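Trainee: Sequence below, structure please.
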Amino acid sequence: MDADGRQQRILGLARTQGRVEVAELAVQLAISPETVRRDLRRLEDHGVLRRVHGGAYPVENAGFETHLSARVGARVDEKIRIARAAIGCLSDESSVFVDEGYTPQLVAESLPRDRGLTVLTASVPLAASIAGRTDLTVILLGGRVRPNTLATVGSATTGMLGRYVIDLAFLGANGISLTHGLTTPDPAVADVKAQAIRSSRRRVLVGVHSKFGISSFCRFGDLKDIETIVTDDGLSLAEARRYAKRGPHVIRA
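Mentor: Here you go, the predicted structure:
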């Protein structure tokens, strides 16, 4: 296999699995770890992978978005910590919007049981996971269901969301950048997130540290739109301070 074919194989594995490891790729492709690292550097230069210690993960863009099943199995411990810390941002709100995605779903599943909250979401899996709770009123926004994430989008979704005034929105993003703000690969998803920002009094962004410093295709908000960012301690303190200078309080769980 030549270098181009090998790098396409690596990219395909990363997109299927959500992450690739240097040691595993070296064995699987029968090449040296240094060759793997060189391939990962080339793919990172092309903007399709981002390297981390020991491996790399795919960057989402207009042509690629991670499937929900890959998100559920990735960085679970960090996402649980983020969700628990995000719940601490609740005060006396009675209504919350919870975005699509696995980390927001963990936030929804961690909502306190003594508040009688009304929860709005465009995520079918999220709504199903909390619909049986008698202490919550769950409103699922209608619209076209996207197969990758099983969340609703379109004018029906944004129109319904636009009729509400929401106390607090828990938002996710595919990319969080000092240069480009908050981004996501799909324009229809960006419309829903942007409407959630417009419809909410307070906004909390939740996301693992690997989302920072990258940009996806569609911008839906600015850092100044967010009151608090909750991430994990994989984001360095120095980086957290850079983001905090743009407006939001940054919590590293």
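Trainee: and residue 224, how many neighbours does it have?
Mentor: Neighbours of residue 224 under the rule other CB atoms under 10 Å: 10. (C-beta placed from N, C-alpha, C; glycine too.)
Trainee: For the nearest residue to it once chain neighbours are set aside, which residues are in contact?
Mentor: Of all residues not flanking residue 224 in the chain, residue 247 sits nearest, at 4.1 Å (CB to CB, 6 or more residues apart in numbering). With contacts defined as CB atoms under 8 Å, 6 or more residues apart in numbering, residue 247 is in contact with 223, 224, 226.
Trainee: C-terminal to the lengthiest helix in the chain, which secondary structure element comes first?
Mentor: Criterion DSSP state H: the longest helix present in the chain is helix 3-17. Following helix 3-17 in sequence order, the next helix or strand is strand 20-21 (DSSP states H and E).
Trainee: mind checking how far that following strand is from the chain centre?
Mentor: Between the centre of strand 20-21 and the centre of its chain there are 20 Å (CA atoms, centre = their mean, to the nearest Å).
Trainee: can you check stretch 5-13 too?
Mentor: 24 Å.
Trainee: Low-confidence stretches in the stretch 1-150 of the chain?
Mentor: 70-71, 73 (pLDDT under 70).
Trainee: 80 - rerun?
Mentor: 62-63, 65-74 (pLDDT under 80).
Trainee: which residue ranges form the strands in it?
Mentor: 20-21, 49-52, 55-58, 95-98, 118-121, 137-140, 144-145 (DSSP state E, counting those that start in this stretch).
Trainee: Pick the most buried one from those strands.
Mentor: strand 95-98 (a mean of 25; mean count of other CB atoms under 10 Å).
Trainee: Now residue 157. Nearest residue, chain neighbours left out?
Mentor: Excluding its sequence neighbours, the residue lying closest to residue 157 (CB to CB, 6+ apart) is residue 143, at 3.4 Å.
Trainee: so the one you found touches residue 123, yeah?
Mentor: No: using CB atoms under 8 Å, residue 143 and residue 123 do not qualify as a contacting pair, with a distance of 11.4 Å.
Trainee: Spit out the residues that contact those two alike.
Mentor: Joint contacts of residue 143 and residue 123 (CB under 8 Å, 6+ apart) are residue 152.
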